[in-house]
Each structure stands twice: as C-alpha cells, then as structure tokens.
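S.K.: Sharing a model prediction with you, sequence too.
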Amino acid sequence: MSEPVTDPATAPPEAEFPARIARSDWVRLRTLVVLRWMAVAGQVAAILVAWQVYDIDLDITLCLAVVGAAVAVNMITMFAYPENKRLTEAEAMLTLLFDTAQLALLLYLTGGLNNPFALLILAPATIAATALQSRATMFVGSVTIALVSLIVFFHRPLKMVDGTAIEVPGVFGFGFWLAIVIGVVFLGLYARRVASEIHSMGDALLATQMALAREQKLTDLGGVVAAAAHELGTPLATIKMVSAELVDELGDHPTLREDAELIRQQADRCRDILRSMGRAGKDDLHLRSAPLSAVIREAAEPHASRGKALKLSLGDAPGQGGGQPIIRRRPEIIHGLRNLVQNGVDFAHSTVWIDMTAGETHLSVQIADDGAGFPAHLIGRMGDPVIARWRDDERNQPGYDGMGLGVFIAKTLLERTGARLTFQNGTDPFLAEDERPERCGALVTITWPRKAIEVENQSALGENRHIDT
C-alpha cells in the first residue's frame, strides 16, 4: 500500500487543484509599496541622525538621491497601477531586485559592511523566499550574495567630520560578510519551507472542502429524489386507479379503451422509475442515521468490484439494544472511509479487510490489506498533505503518481466527526516474504467516542417538512 488518492467518483478535475497550477499573482503591489515606504523612512532617519547627531561625514546629496530613487519608483507605481494590482512572479522578482540594488548602493555610499544597517539587505531575499518560486528565489538570493561580496571590496570609507575612520577589524568584517551570506541562505530556506507547508495545507484544505461539498450535493440530490418519489406516489396511484376503472367501463369503445390502457401503462412506468430513484435516495442517501455496518458497506461498495477481495467483519459491535449501533450518517464519515478503502484496494495484492469493533465508550473501524505497507520512514507523516513522491519500488505500483492528498482528505473529514486515526504496518518490513502474516500491509484504525456519532433515536428518517415554492 502506498500513497493515497482521492475517490475518483468525488475527486475534482485535475485543473481544479491549485497545488498543480503554477503559483502567480500572489503579491499585491500595494504591499511592496508600503514596505518600501517604511524602508525609505528608516533610511532617511538613519542618514540624518548619522549626519547631524554623530557628525559622520556622508555625501548627503548622493545618499538622499539614492533614497529619492526609491521614492520616485513608489510614486510612479502608485499613479501608474491600481491599488489592487497583483504582481506576476517576474514583476515581483524585479521589484525585489530593485530594492536589493537600492540598498546595496546606499551601503556602498555609507561604509559597506562597516555600516550596522547592512543586515537589512536580508529583507528582499527573505520576502522572495515566501512569495516566489524556487528558481526566482535562488536568483534573488544569488544577486544579494554577489552584491554583498562586491561591497566588501568596493565601498566608500565611513569617516567622522574630523577625518577619523570608522571601520571594524578585518576578522569582524569577514564575520559580518559570512553572517549575511549564511543569513540569506538560511532565512531563504527556512521561509521557503514554512511558506510551502502553509500553501500545501491551504490547497489540501480547499480540496477537502470541494470533496465534502460534492458529497453533500449528492446527499441533497438524494433527498430531493426521495421527496419527489414520496410526494408523487399518491397522485400516480390515483391516476392508475382511475385509468383501470376507465378500461373496465370502455369495453364498447376500443379506441378509448386503448388510450386508457396506455395511461395505466405509463403510470406504472412512472411508478417504477420513482421507486428505483426513491430507493437510491430514501434508503441510501437520504438517511440521517443508519447502522454503522450499513455506513461502512456504503463506503466500501464502489470498490467491491475492482478485482480485490473485500472481507467485512461487521458483527462485533453491539449497540445499546444489543443490535448494531446507530450512528449519524454524515458525508464526512462516508467519504473519509471510502478514501481509505480505495487506498487499500489500490495497493493490496489480493485482499482488504474491514473490521468493526466496539467498546463501552468507543467505536472502532480497522482497514487492513496484504500489500507492501507504508514506507517505514513516512508512517509518522501520514495524513500530511503533499507528501514527497515515492519511488515505484516503494509504492509497489509502477506509474502511480500520488501526492498524499487522499489520506489527508480522509483524515481531515473523519477528525471533523470526532475520530482519531492511527497509521501503521501489519508486519515488520524486514521479514522475508514467507514469514509475513496474512494482514502484512498497511493498517489504518479509526476510533470514535460513541457519544460523538451514535444516536439514541433509532429512526433513520426525519419528519417530512413542507417545501415552500
């Protein structure tokens, strides 16, 4: 067994998954403009304080000209673009490169790495790591490291008005340079990793909401079908009864008798259609509560004819009255269990086992298979979205390309119902083939507190409600 996927019956089309679409138009231009205004204010304050308070000899005209360039770019962008303008990846990269170059030029005029504010050059590279793709992030980081390295050798010395030089010892200068380079790399990797996990979680949650919404639509459709079958049953029965009486009374009028028989036949046909549709809606989708075994069978049914044996053990869970426990029939439970069953069927060699047990306070469902099992180094991460792709020999299904989204959806939906999921393998992966037990593959256990899903009222259907039209 390997990386889970979503149920094909409920999985959105590939184009609907944001995780598979190139990320762009994320950063608002206004955000970077506001950050640049803050940087400009800090730069002007630092220059004026150094010049007026500490009597540092600065080329104040050039320094303010460099700051003025940032002001001019901000003013142009504010008037040329609307406030809700979102930057493409290339535009965001160029914007951050401008900020890096502007700060590097200002450092050149103010002592290079002898300037304690040199650390601020890390900011654009860190923003790039959170907002841009890897290639653009690496380019911005490389440009930052290159400019910092040039500033080490080429910069205007920092002096007091009386000519006293302000510089740090060489070993400290090298240390400052190395610290900035390491900072660019470390902060870039750190910010990139955190941002990627946040984006992956957001995409996976969106996919979960889409899957649940689709399941809810199916449930609602079943309710509509059941209501239609129920409400139309009486008028159709009346039509059939009246048509039967007309057939008996029109024996002397063959043409009219044929018309009455045709009406009765079409009424029977409508009854059969509504009966089949009503059964699908009322006996299945429209149930508000059902025995736990019925819910499990419903979840497993789409995968019962896929060439793998499904062995269900559903009798070892007595309810309050000694029979099957009656639980709330929620789309989250059905869809979550269906994903896990599909995962087992996908990667089992021949058999998937589904066992239901119950204690005094908890209900439990266990799904096991005889496949290769979860890779040992990834068991602790099962349920996280977008797990790194596994090699064919690890997932035991060549050509299969999953992202861990299916089990994330299942885990998220089931946990919303109060369940707790555990993932493990049925055997030690280092055992020889002939030493492995029957249930040697992946093993998923779902446990609910009884009070979270069990209902005391044994009635599955709620009262009919009037529908306003």
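M.R.: Okay, I see it. Numbers count the residues shown, from 1 in each chain.

S.K.: ok, the residue lying closest to L122 once chain neighbours are set aside to H155 distance?
M.R.: Distance criterion CB to CB, 6 or more residues apart in numbering; nearest residue to L122, sequence neighbours excluded, is G183 at 5.0 Å. In short, each C-beta sits where N, CA and C put it, glycine included. Separation of G183 from H155 (CB to CB, to the nearest Å) stands at 19 Å.

S.K.: As a check, name the ranges of all helices in this protein.
M.R.: Counting by DSSP state H, the chain has these helices, from start to end: 29-48, 60-80, 89-109, 122-131, 134-153, 170-249, 254-280, 292-300, 331-347, 392-395, 405-416, 450-453.

S.K.: Residue ranges of each domain in this structure, please.
M.R.: Following automatic domain parsing, one finds the domains of the chain at 14-211, 289-453.

S.K.: Show the pLDDT at the residue nearest to L122.
M.R.: At G183, the predicted lDDT confidence score is 88.

S.K.: Quick check: it touching I121?
M.R.: No. Assessed by CB atoms under 8 Å, G183 is found out of contact with I121, at 9.1 Å.

S.K.: The two: who's more crowded?
M.R.: The residue with more neighbours, out of G183 and I121 and counting by other CB atoms under 10 Å, is I121; that gives 23 against 17.

S.K.: Run through the stretch 351-469 of the chain and note the low-pLDDT ranges.
M.R.: Under the criterion pLDDT under 70, the flagged ranges of the stretch 351-469 of the chain are 384-405, 428-436, 457-469.

S.K.: make it 50
M.R.: Along the stretch 351-469 of the chain, the parts satisfying pLDDT under 50 run over 388-403, 460-469.

S.K.: all strands for it, in order.
M.R.: Along the stretch 351-469 of the chain, the stretches classed as strands by DSSP state E, counting those that start in this stretch are 351-358, 362-369, 420-425, 442-449.

S.K.: Reformat those strands as CSV; add mean neighbour count and distance to A69.
M.R.: Shown next, in CSV, are the strands of the stretch 351-469 of the chain (neighbours: other CB atoms under 10 Å; distance: least, CB to CB, whole Å):
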stretch, mean neighbour count, distance to A69
strand 351-358, 21, 66
strand 362-369, 22, 63
strand 420-425, 16, 56
strand 442-449, 21, 59
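
S.K.: Now for H362: which residues touch it?
M.R.: Under the criterion of CB atoms under 8 Å, 6 or more residues apart in numbering, the contact list for H362 reads T447, W448, P449, R450.

S.K.: With respect to T234, which of the domains of the chain lies nearest?
M.R.: domain 289-453 (26.4 Å; CB to CB).

S.K.: what about the closest one, how long is it end to end?
M.R.: 9 Å (CA to CA, to the nearest Å).

S.K.: how about the helices of the chain in TSV, adding distance to S364?
M.R.: Converted to TSV, the helices of the chain look like this (distance: least, CB to CB, whole Å):
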stretch	distance to S364
helix 29-48	49
helix 60-80	59
helix 89-109	48
helix 122-131	42
helix 134-153	43
helix 170-249	23
helix 254-280	29
helix 292-300	10
helix 331-347	12
helix 392-395	27
helix 405-416	12
helix 450-453	10
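
S.K.: Which among these is found nearest to G359?
M.R.: Evaluated with CB to CB, those place helix 450-453 nearest to G359, the distance being 8.2 Å.

S.K.: Okay, buried residues for that closest one please.
M.R.: Within helix 450-453, the residues scored as buried using 16 or more other CB atoms under 10 Å are R450, I453.

S.K.: Check the offset of it from the chain's centre.
M.R.: Helix 450-453 has its average C-alpha position 27 Å from the chain's average C-alpha position, going by CA atoms, centre = their mean, to the nearest Å.

S.K.: Give the other helices and strands that that helix contacts.
M.R.: Using 3 or more CB pairs under 8 Å, 6 or more residues apart in numbering; DSSP states H and E as the contact criterion, the elements in contact with helix 450-453 are strand 362-369.

S.K.: CA atoms of the strand it packs on as CSV?
M.R.: Taking Å, rounded to 0.1, in the frame of the first residue of the first chain, the C-alpha atoms of strand 362-369 are listed here in CSV:
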residue,chain,number,x,y,z
HIS,A,362,-15.7,3.9,21.7
LEU,A,363,-16.5,2.5,18.2
SER,A,364,-13.6,1.4,16.0
VAL,A,365,-13.1,0.6,12.3
GLN,A,366,-9.9,-1.0,11.1
ILE,A,367,-8.9,-1.2,7.4
ALA,A,368,-6.0,-3.5,6.6
ASP,A,369,-4.6,-5.0,3.4
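
S.K.: any idea of the angle it forms with helix 405-416?
M.R.: For strand 362-369 against helix 405-416, the angle by axes from the mean of the first three to the mean of the last three CA atoms, to 10 degrees is 170 degrees.

S.K.: Tell me which strands strand 362-369 pairs with, and in which orientation.
M.R.: Listed by DSSP bridges, the sheet partners of strand 362-369 and their directions read strand 351-358 (antiparallel), strand 442-449 (antiparallel).
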